[in-house]
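Asks: Coordinates for the following, if possible.
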Amino acid sequence: MPSVASPAMRSLALAGLLTLAGCGEKAPAPPPEATETGAAIASASGAAVESEFGTPIKDRVATLGLLNKRNNITQDIVLKSGESRRIGNAIVKLATCEKTAPWEDPPETGAFVQLFVEERASTDQPLAWRKVFSGWLFRNAPSLSVVEHPVYDVWVKDCAMTFPGEEEPVASARNAAKPSGNASAAASPNPGPKPATSPSPTASASARPAATSAEE
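Replies: Got it, this is the predicted structure:
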């Protein structure tokens, strides 16, 4: 007679099948919004308006800090405007960054950042990508906008951009460091004292009559 499987064995077999099915399930792809790059993305987000002063938006580079609270690992992420970077199950995207001009006070550095995380909405839900933050972050005023997530934290460290006139002090310092005067004369070695020369025979002959007349 064929053996009849016990309820416990049937449960174990069903659990094994579900585990295999879960292993074969493909991870969800990140949304296009998180991976598309380019200056057009930064402009489409409405994050900033192009200014006549300073580095253009497409050429700005921001340095962001990313903290994983699970393992307490912090790392720096350097992104251009419109670029994104995936680290584990998180994607950090930079729309643009900006800082105040040297003549503005108080100084501030900010970046428009988006954070996407692959996680489960609940324990019985599948993995899915969610946009957990989208907005401006400020270096000197971090409390104005905070990334509220149980695992990840993002903050602004720097924005590489320059303004008109910031290069002039560097050029002036280089010119001041150059020696003044004739470069060829400064480069030639010191010739030192000239050797004494003996009187010429003509000069000696002309001096003898004068000495003789003095004796007479």
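Asks: Could you check the pLDDT of Val49?
Replies: Note for Val49: predicted pLDDT of 64.
Asks: going forward can the numbers begin at 20, since that is how I track them
Replies: Sure, I'll start numbering at 20, so the last one becomes Val68.
Asks: Show me where the protein has its strands.
Replies: Listed in chain order, the strands found in the chain under DSSP state E are 80-87, 92-99, 103-106, 109-118, 128-139, 146-157, 171-179.
Asks: quick one: buried residues of the shortest one?
Replies: This points to strand 103-106. Ser103 (16 or more other CB atoms under 10 Å). For every residue, glycine as well, the C-beta is placed using N, CA and C.
Asks: before we move on, what about the first one?
Replies: Residues of strand 80-87 classed as buried by neighbour count (16+ other CB under 10 Å): 80-83, 85-86.
Asks: Now Trp174: closest residue in space, sequence neighbours ignored.
Replies: Gly84 (4.9 Å; CB to CB, 6 or more residues apart in numbering).
Asks: Verify the stated contact: the one you found with Ile92.
Replies: No - if you go by CB atoms under 8 Å, Gly84 and Ile92 don't touch, sitting 11.2 Å apart.
Asks: what number of residues lie near Glu55?
Replies: By other CB atoms under 10 Å, the residues close to Glu55 number 13.
Asks: OK, contacts around it?
Replies: Ser103 (CB atoms under 8 Å, 6 or more residues apart in numbering).
Asks: How much space separates it from Ser164?
Replies: Using CB to CB, to the nearest Å, Glu55 is found at 23 Å from Ser164.
Asks: Walking through the protein, point out its helices one by one.
Replies: Applying DSSP state H to the chain gives helices spanning 26-43, 51-54, 58-63, 187-196, 202-206, 220-234.
Asks: Could you pull up the mean pLDDT of the fifth one?
Replies: Regarding helix 202-206, the rounded mean pLDDT is 46.
Asks: Against Asn91, how distant is the nearest residue in space to Lys88 that is not next to it in sequence?
Replies: Once flanking residues are discounted, Lys88 sits nearest to Val170: 5.4 Å by CB to CB, 6+ apart. According to CB to CB, Val170 and Asn91 sit 11 Å apart.
Asks: Then Phe131?
Replies: 27 Å.
Asks: Those two - which one has more neighbours?
Replies: Neighbour totals were compared for Phe131 and Asn91, and Phe131 leads with 22 against 7 (other CB under 10 Å).
Asks: Local confidence estimate at that one?
Replies: Note on Phe131: pLDDT of 95.
Asks: what do you get for Pro47?
Replies: Reported pLDDT for Pro47: 82.
Asks: That one contacts Leu146, correct?
Replies: Yes - counting by CB under 8 Å, Leu146 is a contact partner of Pro47 at 5.9 Å.
Asks: so what sits against both of these two?
Replies: With contacts defined as CB under 8 Å, 6+ apart, the residues shared by Pro47 and Leu146 are Glu137.
Asks: For Arg89, the count of nearby residues, please.
Replies: As a burial measure, Arg89 scores 10 neighbours (other CB under 10 Å).
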